[in-house]
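Student: okay, here's the prediction I keep looking at, along with the sequence it came from:
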Amino acid sequence: MFCSLSLYAQTISGNLSALASQDLRLEGFDGFKTYPVAKTRTNESGDFQLTFSKADYGVAYLISADEKTFLVILSNENVEIRGESLSNTETIRFLKSRENLLFEQYSREHIRREQALSVWEYLGKIYSLDSLFSGHPVPKQAILKEKQRIKAEDSLFLASIDTQTFVSWYLPLRKSVSSVSAIAQYRTGEIPASIEAFRSIDYADPRLYKSGLLGAVIDSHFWLIENSGRSLDSVYIEMNISIDRLIESLLSDEKKLNEIAEYLFKSLEKRSLFEPSAYLALKLLNDKSCTINNDFAARLESYRAMKTGKTAPDFEFRDGLSAPGYEAAKQPKKLSALKSRYTVVVFGASWCPQCPAELSQINSLYQKWKALNIEVVFVSLDENEKLFKSFTSVFPFISICDYQKWESPVVKSFHVFATPAIFLLDDKREILLRPNSVSQLDSWVDWYLVKGNR
């Protein structure tokens, strides 16, 4: 058994002179997560050796006891390095491993090419737009020629790498990710081609899961669209096209579809890109070729059932009712009985980490909102009456709780899967907005109500 395994084992060895007699470990990538590959302890001189198997191919990190990291490419070859420590990466050099030597060389040269391209791009704009320089065609032609030369040199290096190696696939992808910021700021003419390059990625490719770039590829792809200088409507259209392409490439792999779609969904929500979030949710729920797990489906269902334009469910104000802003005889009996022009319904609880801060912010804004004919209803998911009353005692707005937590009929009717959850309704209970924070909601109030009343 040992002999059979050793046929497929490769090693990372070398010397890190400043890390004598210290723990060193190797971690590989599996999608969005890392996993332990091997660990060892350096000797009194800093020598070490770690073993990895054929299944551990791709990108990995050497990690020292102080959590400093150094990137290595694992392939069907032994790796040897020499340097001081992982905190001084400029001292580390690869002595053995063709793929790592190529990675090291390209990384070093590509950064310099990117810097030069940004400078030439800046000068090109000056010679095109500034009347002091625009009448001189020779420098403009020279700038264009030099930009073309730099790009061709970069492409030639990548094209010269053996296509059977991992690094031949990895370096162009890493280049796409690392170039996004410079392209958005200085080389905007490259934006369409860069977006198309991201759309052409096969998200089911197992190499992507081993690259350590999975999250960065998704984030960079949608960040570039968001920062492409388009109108917001056009941004949403482009994001929807990218969502279609991404899902299409994942239909053959249910596990990856769920993992990547859920990551993208959370990323879009976090950046308040709710229209693409809703598009993704509905695409996954309505497309019969997409198989998603139950937990993720329940979260997505919230978008289908409670998307903007839908009518929110009505519910009665009964258990745990606290409505200090109303006289006892005039307390409303249910949501539809409120006379306000707008209603903010907030789901939260005393045990929710973010809820106290969000509700405290609502508390400070309540009088401003009330003057603009906005009422607030807090639906608590607390299970303890004492905690609920203590938590809500300072709130001037309506608070209710039936002490059933996630099993509450009200919570279920609104398809709430996390707290805090906020809904802005009009006087007919139509959902106008599903903000991800009180700050976003207050920005809407300022833009549409405060500014509109001036």
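Tutor: Thanks, I have it.

Student: for the stretch 1-150 of the chain, which segments count as strands?
Tutor: Here the stretch 1-150 of the chain has its strands, by DSSP state E, counting those that start in this stretch, at 10-16, 23-30, 33-41, 47-52, 58-64, 69-74, 79-83, 93-96.

Student: how about the stretch 201-350 of the chain?
Tutor: 342-348.

Student: can you count the residues close to residue 129?
Tutor: 9 (other C-beta atoms under 10 Å). Placement of C-beta: from N, CA and C, glycine included.

Student: one more: residue 318?
Tutor: Neighbour tally, residue 318, other C-beta under 10 Å: 11.

Student: look up phi and psi at it.
Tutor: Note on residue 318: backbone dihedrals following degrees, to the nearest 10 are phi -130, psi -80.

Student: that one reaches residue 403, doesn't it?
Tutor: No - counting by C-beta atoms under 8 Å, residue 403 is not a contact partner of residue 318; they are 11.6 Å apart.

Student: helices along the stretch 101-250 of the chain, start to end?
Tutor: For the stretch 101-250 of the chain, the helices defined by DSSP state H, counting those that start in this stretch cover 137-159, 166-178, 180-185, 191-199, 206-209, 214-226, 232-250.

Student: circling back to that earlier point, for residue 334, find the nearest of the strands of the stretch 1-150 of the chain.
Tutor: strand 33-41 (46.0 Å; C-beta to C-beta).

Student: quick one on the thing from earlier: now that we have the helices of the stretch 101-250 of the chain, can you turn them into a markdown table and tack on distance to residue 57 and mean neighbour count?
Tutor: Putting these into a markdown table (distance: least, C-beta to C-beta, whole Å; neighbours: other C-beta atoms under 10 Å) gives the following:
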| stretch | distance to residue 57 | mean neighbour count |
| --- | --- | --- |
| helix 137-159 | 20 | 13 |
| helix 166-178 | 6 | 19 |
| helix 180-185 | 26 | 18 |
| helix 191-199 | 23 | 16 |
| helix 206-209 | 8 | 18 |
| helix 214-226 | 15 | 20 |
| helix 232-250 | 21 | 17 |
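
Student: in TSV, list these along with distance to residue 289 and mean pLDDT.
Tutor: Listed next are the helices of the stretch 101-250 of the chain as TSV, based on distance: least, C-beta to C-beta, whole Å; pLDDT from 0 to 100:
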stretch	distance to residue 289	mean pLDDT
helix 137-159	35	93
helix 166-178	27	95
helix 180-185	30	91
helix 191-199	19	96
helix 206-209	21	97
helix 214-226	21	97
helix 232-250	9	95
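
Student: dump the ones you listed to CSV, plus distance to residue 436.
Tutor: Output for the helices of the stretch 101-250 of the chain, formatted as CSV (distance: least, C-beta to C-beta, whole Å):
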stretch, distance to residue 436
helix 137-159, 40
helix 166-178, 26
helix 180-185, 24
helix 191-199, 25
helix 206-209, 28
helix 214-226, 16
helix 232-250, 17
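
Student: what's the closest of those helices to residue 126?
Tutor: Of all those, helix 137-159 sits nearest to residue 126, with 9.4 Å by C-beta to C-beta.

Student: quick one: which of the helices of the stretch 101-250 of the chain is nearest residue 31?
Tutor: So among the helices of the stretch 101-250 of the chain, helix 206-209 is nearest, using C-beta to C-beta, at 4.8 Å.

Student: which other helices and strands contact that closest one?
Tutor: Under the contact criterion of 3 or more C-beta pairs under 8 Å, 6 or more residues apart in numbering; DSSP states H and E, helix 206-209 touches helix 166-178.

Student: could you check the angle helix 214-226 makes with the helix it packs on?
Tutor: On the basis of axes from the mean of the first three to the mean of the last three C-alpha atoms, to 10 degrees, helix 166-178 is oriented at 40 degrees to helix 214-226.

Student: show me what helix 166-178 is packed up against.
Tutor: Using 3+ C-beta pairs under 8 Å, 6+ apart, the elements in contact with helix 166-178 are strand 69-74, helix 98-129, helix 137-159, helix 191-199, helix 206-209, helix 214-226.

Student: residue contacts, residue 358?
Tutor: By C-beta atoms under 8 Å, 6 or more residues apart in numbering, the contact set of residue 358 is 346, 348, 420, 422, 437-438.

Student: phi, psi for it please.
Tutor: Residue torsions, per degrees, to the nearest 10, at residue 358 are phi -70, psi -40.

Student: re the thing from before, out of the contacts of residue 358, who's nearest residue 116?
Tutor: residue 437 (41.4 Å).

Student: quick one, grab the pLDDT at the residue nearest to residue 218 when sequence neighbours are not counted.
Tutor: Counting by C-beta to C-beta, 6 or more residues apart in numbering, residue 264 is the residue found nearest to residue 218 once chain neighbours are left out, at 5.6 Å. Note for residue 264: predicted pLDDT of 95.

Student: isn't residue 264 up against residue 221?
Tutor: No - counting by C-beta under 8 Å, residue 264 sits too far from residue 221 to count as a contact (9.1 Å).

Student: switch the strands of the stretch 1-150 of the chain over to a markdown table; also include mean pLDDT, mean neighbour count and distance to residue 356.
Tutor: Formatted as a markdown table, the strands of the stretch 1-150 of the chain follow (pLDDT from 0 to 100; neighbours: other C-beta atoms under 10 Å; distance: least, C-beta to C-beta, whole Å):
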| stretch | mean pLDDT | mean neighbour count | distance to residue 356 |
| --- | --- | --- | --- |
| strand 10-16 | 95 | 20 | 46 |
| strand 23-30 | 97 | 19 | 36 |
| strand 33-41 | 96 | 14 | 31 |
| strand 47-52 | 96 | 18 | 46 |
| strand 58-64 | 96 | 21 | 36 |
| strand 69-74 | 96 | 20 | 36 |
| strand 79-83 | 96 | 20 | 48 |
| strand 93-96 | 94 | 16 | 51 |
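
Student: now distance to residue 444 too, for those strands, in a markdown table please.
Tutor: As requested, those are exported to a markdown table (distance: least, C-beta to C-beta, whole Å):
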| stretch | distance to residue 444 |
| --- | --- |
| strand 10-16 | 53 |
| strand 23-30 | 40 |
| strand 33-41 | 36 |
| strand 47-52 | 52 |
| strand 58-64 | 42 |
| strand 69-74 | 42 |
| strand 79-83 | 53 |
| strand 93-96 | 54 |
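
Student: out of the ones you listed, nearest to residue 210?
Tutor: Closest of the strands of the stretch 1-150 of the chain to residue 210 is strand 58-64, at 2.7 Å (criterion: C-beta to C-beta).

Student: what packs against that closest one?
Tutor: Contacts defined by 3+ C-beta pairs under 8 Å, 6+ apart place strand 58-64 against strand 23-30, strand 69-74.

Student: need these in JSON lines (columns: distance to residue 136).
Tutor: Listed next are those as JSON lines, based on distance: least, C-beta to C-beta, whole Å:
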{"stretch": "strand 23-30", "distance to residue 136": "50"}
{"stretch": "strand 69-74", "distance to residue 136": "44"}
